[in-house]
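Chemist: Mind folding the following:
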Amino acid sequence: MGVRYRKYFKQCKDIKCNGRLGKYCPDDRPRNAQNRQYRLCGRWAIELFDDNRKWQSLVFKDVRNRADAEKRLALLITDRERGLLNLPSKKKAITLQEYCDQYLESIKDNSTRNTYMARRRAFKALCYYLGKHELDKISPFMVEKYRIDRMKTDNLKPMSINLDIAALSLILNRAVKEGFLSKNPCKGLKPLKVEQARDRILSSDEIAILLDKLKGTDKLMVEIALFTGMRLNEVLLLKWDDIDFNSELITFTQSKTGKTISMPLSKYLANELKSFKTDSNRLFESNRPLSVLVGKYSAYFSKIFKDLGIVNFTYHNLRHTFASLHGSIGTDIVTTQSLLGHSDISQTMRYSHTQLETKRSAIDNITDYILKTKSVISSA
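Modeler: From the prediction side, this is the model:
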């Protein structure tokens, strides 16, 4: 039994210190979101065997240094000898879903929009599989099973799964600090191997094949991505209210940043959408899709592309094709980044009248290019 300074952050664990700020403290340790001050890298812990001979490692808010910790340890030892030991009990059991909701609410006003949206997206998928389980019931086996299910059932790439597990580990580390868990079940879990591959884009012949062979909903979903660069989950969330046929604009919320993007609508795509018009509020999905549903759509389109002879190609590669084709037809990089909704383009640039006209010209150019490709191949 005794006292020790228990550190939270991996950056600090190799630094020998007594918890005081010193010249050896790393600069990359976390800061407070409000005042930008460095957070304490750990707390003084008091370690002893309780009355049931179970090892306890405890921290107390009023224990700020080694002297305080040793005084508290002496009191606890005395209480144990007198039969009055009353150690703090573990906090009430809470499910992963409840804890994730609490966490998101706590960071809503103290984090960037990108960070908040990324965490919310990851927790949504995690809670679909593990949300009903209490935190202390989540085991390394369950985490590994989650990875297998996401890869095999939902056809998710290793990089995306690694991001999910990183988010899970983050929130479970916080649960450990707050006393809901004794240890993080993700600790020691090696990330899945990620193969670095070049972005696949469509050739002219492959574009013609898609436009000629696809029909109905499949064709329209491919056309929307090919002519606008939208991601699959953004396409699935489209509502008819998002499309202004009079102004020839399509407006949607970017899934990665939560920002609203206004995209000029080419006359060709507008006509395709009008011919598909339904009474339903949404174009494709009646309910807001989970990432699980997006994974199934992605696998569905990958199979369609493969059956048409377009191998190693996914729905998301349509967005890469959109970006690459703009480079081929001479669209300037600033306009291309704006069309893709990249975060380094300012809000003023995206919504100014001049930028909108530039976007409209770029959309018309790429529409002409794609349709010309189709007609040339068809007449051959």
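Chemist: Give the buried residues for the helix or strand where Q56 lies.
Modeler: Q56 is located in strand 55-59, with elements delineated by DSSP states H and E. Buried residues in strand 55-59, counted by 16 or more other CB atoms under 10 Å: 56, 58. Yep, even glycine has a C-beta here, placed from its N, CA and C like the rest.
Chemist: what comes up buried for the next helix or strand after it?
Modeler: The first helix or strand that comes after strand 55-59 along the chain, using DSSP H and E, is helix 66-81. Buried residues in helix 66-81, counted by 16+ other CB under 10 Å: 69, 72-73, 76, 80.
Chemist: Which single one of those residues is nearest to S266?
Modeler: Proximity of the buried residues of helix 66-81 to S266 (CB to CB) peaks at A69, which lies at 68.6 Å.
Chemist: so what does the strand holding Q56 touch, helix or strand wise?
Modeler: Judged by 3 or more CB pairs under 8 Å, 6 or more residues apart in numbering; DSSP states H and E, strand 55-59 is in contact with strand 42-49.
Chemist: Report the angle between the strand it packs on and strand 55-59.
Modeler: Put simply, strand 42-49 runs at 150 degrees to strand 55-59, going by axes from the mean of the first three to the mean of the last three CA atoms, to 10 degrees.
Chemist: Next, the angle from strand 42-49 to helix 66-81.
Modeler: 20 degrees.
Chemist: one step back: now distance to I15 and pLDDT too, for the buried residues of helix 66-81, in JSON lines please.
Modeler: Formatted as JSON lines, the buried residues of helix 66-81 follow (distance: CB to CB, whole Å; pLDDT from 0 to 100):
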{"residue": "A69", "distance to I15": "19", "pLDDT": "86"}
{"residue": "R72", "distance to I15": "24", "pLDDT": "84"}
{"residue": "L73", "distance to I15": "24", "pLDDT": "84"}
{"residue": "L76", "distance to I15": "28", "pLDDT": "79"}
{"residue": "R80", "distance to I15": "33", "pLDDT": "68"}
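Chemist: will you turn those residues into JSON lines that also has distance to K274?
Modeler: Shown next, in JSON lines, are the buried residues of helix 66-81 (distance: CB to CB, whole Å):
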{"residue": "A69", "distance to K274": "72"}
{"residue": "R72", "distance to K274": "73"}
{"residue": "L73", "distance to K274": "76"}
{"residue": "L76", "distance to K274": "75"}
{"residue": "R80", "distance to K274": "79"}
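Chemist: residues in contact with stretch 5-21?
Modeler: When contacts are defined by CB atoms under 8 Å, 6 or more residues apart in numbering, stretch 5-21 is touched by residues 24-26, 28-30, 38, 40-45, 57, 59, 65-66, 173, 177.
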